[in-house]
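Q: Could you work out the structure for the sequence below:
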Amino acid sequence: MLALRSRPGRLDALVAVLACVLGLWLMAENLAWDDVPDAGPLAIPAILAVTIPVLWRSVAPLAALAAVTVALAAHVLAFGTLIRCGLVFPVAWVLAFSAGARLERRDARIGLALALAAELVMALDDGAVGPEVLLLFGPVTWAVWRVGRVVRERGELVAELQARTAELREARDERARLEVATDRARLSGELDRLLQRRLGELAVLAERGERAREPDAARELLLEIERASRRTLEEMRAVVGVLREDGEAPVAPQPTLTGLDRLLTEAGGRARLRIEGHPRALPPGVELSAYRVVEQLLAALDAAGGVDVCVAFRDAALEIRVAGPARGRAVAAIERARERVELHRGTLVADLREGRAEAVAELPVLVPA
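A: I've put the predicted structure just below:
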């Protein structure tokens, strides 16, 4: 959209200079012709009052048109019949286009009326044409003005589309933030339930230890309490790690299954991806969790030794299979993935043997009735 400017630009100055040169040359030609009455040499510089307002075509086109119309009427009254059509029509068209492109509808229509008025004033006492010429050039002036209106309308449409795009981008970012916040809330609830369950188990073991009479039985119960406590700490670390990861993850845009290629490329080594079934759009939460599960399982494997990742689109579930050489802390990474899968009421089965890890996760994609 062409907006009004605070001051004339270089193009405005160039157009005004060309209009002034054309006006001076045309008036000089008028005085040189024998069949045109001698209007006096002042007619030449006086025509600049008609052309100089073109300089403000992008600053105040309505005022420029009014100034041209008044200056033209004064020139006609002062110097009588001269050939001015070769100057007035181009000036009127330039200003009519500017009015159509830069002004609101009401002011633009006033600008069109002023352009037609300037042409009529010129045609009433012109040495080459009469008022009937407006039957031909009036529609041309309207067409030029209409082109300016189309330019403005297209500009307004582009501005509106840009504003809508910005709004949609903000809505997308807000949705992503809400999804992350919801996921973190669910993980927090899962952590609370985990602590209650594990603390209850430890309390039961402690009561059994109090009732134990034999040293061997008490020692065995203490070892069981120690093992249960360690398992609880590992699970807490897994859930808290997911919370920390979600809190630090970028919110725009959230990763989806389409980003698995990049994820495997960043993992390096010989990571391979295979897709089975018919890929389709999944709920955003499932897409995000599936991506995170693959990411967490990759952390349990050594990509340098070759990792195979398979994503299978089933009718009621998304199946993820990951296999490769296990790293030292594979158990913790797999447990983090398991916590993520269980949030969606899914399952994860892992097998660790002889330095190799294989995991199969299923995420339901249909809500049971």
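
Q: Surely residue 98 and residue 57 touch.
A: Yes - Residue 98 is within contact range of residue 57, at 4.3 Å (criterion: Cβ atoms under 8 Å). In short, each C-beta sits where N, CA and C put it, glycine included.

Q: What residues does residue 275 make contact with?
A: Contacts here follow Cβ atoms under 8 Å, 6 or more residues apart in numbering; on that basis residue 275 touches 310-313.

Q: ok, and the most crowded of these?
A: residue 311 (19 neighbours; other Cβ atoms under 10 Å).

Q: Okay, and the beta partners of that residue?
A: Here residue 311 sits in beta bridges with residue 275, residue 320, going by DSSP bridges.

Q: who are the neighbours in contact with it?
A: Under the criterion of Cβ under 8 Å, 6+ apart, the contact list for residue 311 reads 257, 260, 273-276, 290, 294, 318-320.

Q: For those, give me JSON lines that also has pLDDT.
A: Rendered in JSON lines, the data for these read as follows (pLDDT from 0 to 100):
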{"residue": "257", "pLDDT": "86"}
{"residue": "260", "pLDDT": "87"}
{"residue": "273", "pLDDT": "89"}
{"residue": "274", "pLDDT": "91"}
{"residue": "275", "pLDDT": "91"}
{"residue": "276", "pLDDT": "91"}
{"residue": "290", "pLDDT": "90"}
{"residue": "294", "pLDDT": "91"}
{"residue": "318", "pLDDT": "93"}
{"residue": "319", "pLDDT": "94"}
{"residue": "320", "pLDDT": "94"}
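
Q: In terms of pLDDT, where does residue 268 sit?
A: Per-residue confidence (pLDDT) for residue 268: 72.

Q: Okay, it and residue 63: tell me how far apart.
A: Distance, residue 268 to residue 63, using Cβ to Cβ, to the nearest Å: 68 Å.

Q: neighbour-wise, which of the two wins?
A: Neighbours around residue 268 and residue 63, counted as other Cβ under 10 Å, are more numerous at residue 63. The numbers are 13 against 10.

Q: Wait, that one touches residue 56, no?
A: Yes - taking contact to mean Cβ under 8 Å, the distance of 6.6 Å between residue 63 and residue 56 places them in contact.

Q: What's the end-to-end length of stretch 116-136?
A: Stretch 116-136 has an end-to-end distance of 12 Å (criterion: Cα to Cα, to the nearest Å).

Q: so how far is it off the chain centroid?
A: Averaged C-alpha coordinates place stretch 116-136 at 51 Å from its chain's average position (Cα atoms, centre = their mean, to the nearest Å).

Q: who touches it?
A: Under the criterion Cβ under 8 Å, 6+ apart, residues 30, 36, 65, 68-69, 72-73, 76, 80-86, 88-89, 91-92, 137-138, 141 lie in contact with stretch 116-136.

Q: go on, stretch 2-19?
A: Identification of contacts with stretch 2-19 by Cβ under 8 Å, 6+ apart yields 51-52, 54-60, 87, 90-91, 94, 98, 101-103, 148, 151-152, 155.

Q: sorry, back to before: okay, the contacts of residue 275 in a markdown table with distance to residue 43 next?
A: As requested, the contacts of residue 275 are exported to a markdown table (distance: Cβ to Cβ, whole Å):
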| residue | distance to residue 43 |
| --- | --- |
| 310 | 89 |
| 311 | 85 |
| 312 | 89 |
| 313 | 84 |
